[in-house]
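In: Quick one: sequence plus predicted model below, questions after.
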Amino acid sequence: MDSNLHTVSLGCAPTPIQYCALVISSLMSLCSLPDSYESFFGMGSYIKGRGDVSRLHLSATAHIRSTLSAKAAAALDKELMSAGAFSLDQLMELAGLSVSQAVYRVHPVNKGRRILVAVGPGNNGGDGLVAARHLCHYGYQPTVYYPKRGKNELYQRLAKQLEDLDVPFVDDFPAALKSTDHVVDAVFGFSFSGEVREPFPTVIQALADAKVPVTSVDAPSSWNIEEGPPKSGIGSTFHPDVLVSLTAPKPLVKHFKGRHFIGGRFVPPAIAKKYDFELPEYEGIDQVVEVGPSGHRL
């Protein structure tokens, strides 16, 4: 057992933490007990507390009562990795899993297997790398655009896992866009602010001009988390078809008009009680819930 774990950590296979997350997900599918599974889906995907947001309640009849600011999301990530005892790679693994399920929901394999995943240098990009791996296992043919590879060991391992599945990495995003059926935008997440730097202006303009559906992870890249799309310039015309909000919607959702999912079965009951909000009601083994324009569950 020990030698096997050592081999896993050196190779392309999931780390022990990733493996445990996937095993628990599989067991849940066998047992059909969704309430028994607690996990976290994504960097920046939790609710800070009474001082930052009001209560969030998602059920078959309820509406989203508030959104989660970037500051609150960052604070909650830290708490989940301290008091919640989650690790970064565990959180990212579960975030990417939820994104992959949303893509499967809106773009089943029979609509086209070619998925282009645009990956940024941070945690949002890590979520995209994980999603690409799961999509490969679902039967899609993902391609990854990853122009600024992170030096963090976690990102390197996620990329290695894709390489060992023969998932191609491409250098020309506009060219790759011409031969794909669906795009996953995992460039910038909730922590994005400031100027969009090369090579991403070209990528975001290509996303805005895309003739195929685009799914954005947590936030449409280049959008301000509080204020939505830029008033002019890069990103001002970018409106993805699908948005996967990781756990809680961000304020920008008031500007979003497409299909909206909330991803994640994650939070321990004690933390939910501490921050005074109720968990979304997921069906069966689903890791995502689709919500309507007013926040009601579909």
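Out: That came through fine.
In: can you give me the helices in this protein?
Out: 2-10, 16-31, 70-80, 88-106, 123-138, 153-163, 173-177, 200-209, 269-274 (DSSP state H).
In: Could you dump the ones you listed into TSV with distance to Asp286, mean pLDDT and mean neighbour count added?
Out: Placement of C-beta: from N, CA and C, glycine included. Formatted as TSV, the helices of the chain follow (distance: least, CB to CB, whole Å; pLDDT from 0 to 100; neighbours: other CB atoms under 10 Å):
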stretch	distance to Asp286	mean pLDDT	mean neighbour count
helix 2-10	28	38	10
helix 16-31	10	48	15
helix 70-80	21	76	19
helix 88-106	7	94	25
helix 123-138	14	97	25
helix 153-163	24	96	18
helix 173-177	29	97	17
helix 200-209	27	97	20
helix 269-274	19	64	13
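In: Need the ones you listed in JSON lines (columns: distance to Ser193).
Out: JSON lines is the format used below for the helices of the chain (distance: least, CB to CB, whole Å):
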{"stretch": "helix 2-10", "distance to Ser193": "35"}
{"stretch": "helix 16-31", "distance to Ser193": "30"}
{"stretch": "helix 70-80", "distance to Ser193": "8"}
{"stretch": "helix 88-106", "distance to Ser193": "20"}
{"stretch": "helix 123-138", "distance to Ser193": "13"}
{"stretch": "helix 153-163", "distance to Ser193": "21"}
{"stretch": "helix 173-177", "distance to Ser193": "22"}
{"stretch": "helix 200-209", "distance to Ser193": "14"}
{"stretch": "helix 269-274", "distance to Ser193": "27"}
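In: roughly how far is stretch 173-180 from the heart of the chain?
Out: On the basis of CA atoms, centre = their mean, to the nearest Å, stretch 173-180 sits 22 Å off its chain's mean C-alpha point.
In: for stretch 184-196, same thing?
Out: Centroid separation for stretch 184-196 versus its chain: 12 Å, with CA atoms, centre = their mean.
In: Kindly export it (C-alpha atoms) in CSV.
Out: What follows is stretch 184-196, C-alpha atoms only, in CSV (Å, rounded to 0.1, in the frame of the first residue of the first chain):
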residue,chain,number,x,y,z
VAL,A,184,-14.6,26.1,-21.3
ASP,A,185,-13.4,29.5,-20.1
ALA,A,186,-11.2,28.9,-17.1
VAL,A,187,-8.9,31.9,-17.5
PHE,A,188,-9.7,34.3,-14.7
GLY,A,189,-11.7,33.6,-11.5
PHE,A,190,-13.1,35.7,-8.7
SER,A,191,-9.7,37.2,-7.8
PHE,A,192,-9.3,38.9,-11.2
SER,A,193,-8.8,42.6,-11.3
GLY,A,194,-7.0,45.2,-13.3
GLU,A,195,-5.7,45.0,-16.9
VAL,A,196,-5.9,41.9,-19.1
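In: Which positions within it qualify as buried?
Out: Residues of stretch 184-196 classed as buried under the neighbour-count rule (16 or more other CB atoms under 10 Å) are Val184, Asp185, Ala186, Val187, Phe188, Gly189, Phe190, Ser191, Phe192, Val196.
In: how about the helices of the chain, which one is nearest His255?
Out: Minimum separation from His255 across the helices of the chain (CB to CB) falls at helix 200-209, 14.3 Å.
In: and Gly284, which of the helices of the chain is closest to it?
Out: In terms of CB to CB, the element of these nearest to Gly284 is helix 16-31, at 8.3 Å.
In: Let me know the closest of the buried residues of stretch 184-196 to Gly139.
Out: Nearest to Gly139 out of these is Val184 (CB to CB; 15.8 Å).
In: In contact with that closest one, which residues?
Out: With contact set as CB atoms under 8 Å, 6 or more residues apart in numbering, Val184 has these partners: Val99, Val103, Ile115, Leu116, Val117, Ala118, Gly128, Ala131, Ala132, Val214, Thr215, Val217.
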